[in-house]
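got a sequence here, can you build the structure:
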Amino acid sequence: MNTLVALIKRNCKLFFKDKGMFFTSMVTPMILLILYVTFLGNVYRDSFADALPEGVTVADEVINGLVGGELFSSLLAVCCVTVAFCSNMLMVQDKVSGAGNDLMIAPVRPSILALGYYIASFFSTMIICLAAAAAGFLYLLNAGWYLRISDVFCILADVFLLVMFGTVLSSIVNFFLSSQGQISAVGTVISAGYGFICGAYMPISNFGEGLQKVLSFLPGTYGTSLIRNHSMQGVFHEMADTGFPAEVIEGIRDSVDCNLYFYGDKVGLSAMYLILGITVIVLLGVYMGMNRLAGSRRVK
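Modelled structure (predicted):
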């Protein structure tokens, strides 16, 4: 246990000591927030206005709340995974510098080394994502705050679970990397592509039926939907209280992926948590198994 704690402290210190790695991880969510507000805000606002039936009007404050909730949820859904790949670069850098070989020579089980990387990366990613969430909350205060205290806690729980998923996913991918060039290539691909396949940049409901069915198998899709549900739930309650037709609200929920369907069957929030939680456990088991197998091969 003492060895694991020492490894976690060592990895966290190295991450925060590397100003380039830390600054890149920290500034990415802020840049995304600015880009989302600048370029996607009007797109989301127009899509909500077009989705309203003819003759139905809605206050600008409610529209701003809807747009803000979607932007906020998109930011967190992407950051929880992409930042994990940045904070988990230490695993690969140790291979490049040779520090990983030194650690393998020490009397430490490979599973403990792997767990040390995972937990340290989780802590680093969580700190940055909480800072991104705080920036998002400040944005919602300005755009339109409809969150209840229960929604805030649910969002934080969603971030916690999605960071666990992003960290274990990055741990498995980074396990196979061994050079600085590979780190840059994978980071670029993940940053550019993950937002699309998880429904953060564009709701999955806008894709073709075939692609929707494919994306419904990806756990990140449900992580995005969880954060989006809790970020926009307060606005939907406000709309219902002001007399909005239930079918209109349900249509908006469908259009922004608050409602997800698996081959025509609606997926509930509890099922989304279950899918994401089981995925984290399975992937963590795979990651630990890969390191044990690699360690046994080195011994031979």
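
hey, where'd the strands end up in the stretch 151-300 of the chain?
For the stretch 151-300 of the chain, applying DSSP state E, counting those that start in this stretch gives strands covering 260-262, 265-267.

ranking those by burial, who's on top?
A comparison of those by mean neighbour count, using mean count of other Cβ atoms under 10 Å, puts strand 260-262 on top with a mean of 19. In short, each C-beta sits where N, CA and C put it, glycine included.

tell me what it is packed against?
Based on contacts counted as 3 or more Cβ pairs under 8 Å, 6 or more residues apart in numbering; DSSP states H and E, the elements that strand 260-262 packs against are helix 219-241, strand 265-267.

may I see the ones you listed organised as TSV, with mean pLDDT and distance to residue 139 added?
Listed next are the helices and strands packed on strand 260-262 as TSV, based on pLDDT from 0 to 100; distance: least, Cβ to Cβ, whole Å:
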stretch	mean pLDDT	distance to residue 139
helix 219-241	92	11
strand 265-267	91	28
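
and those, which is most packed in?
Using mean count of other Cβ under 10 Å, the stretch among the helices and strands packed on strand 260-262 with the greatest mean number of neighbours is helix 219-241 (a mean of 23).

same for that helix, what does it pack against?
Helices and strands touching helix 219-241, by 3+ Cβ pairs under 8 Å, 6+ apart, are helix 60-87, helix 149-175, helix 180-197, helix 246-255, strand 260-262, helix 269-299.

could you tell me the least trusted of these?
Among these, helix 180-197 has the lowest mean pLDDT, at a mean of 79.

now it against helix 60-87, angle please.
Between the axis of helix 180-197 and that of helix 60-87 there is an angle of 150 degrees, by axes from the mean of the first three to the mean of the last three Cα atoms, to 10 degrees.

and helix 180-197, which residues are buried?
Neighbour-count burial for helix 180-197, with 16 or more other Cβ atoms under 10 Å as criterion, is recorded at 183, 186, 187, 190, 191, 194, 195, 197.

let me have the helices and strands packed on strand 260-262 in CSV, extended by distance to residue 75.
Putting these into CSV (distance: least, Cβ to Cβ, whole Å) gives the following:
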stretch, distance to residue 75
helix 219-241, 9
strand 265-267, 23
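
cheers, nothing more for now.
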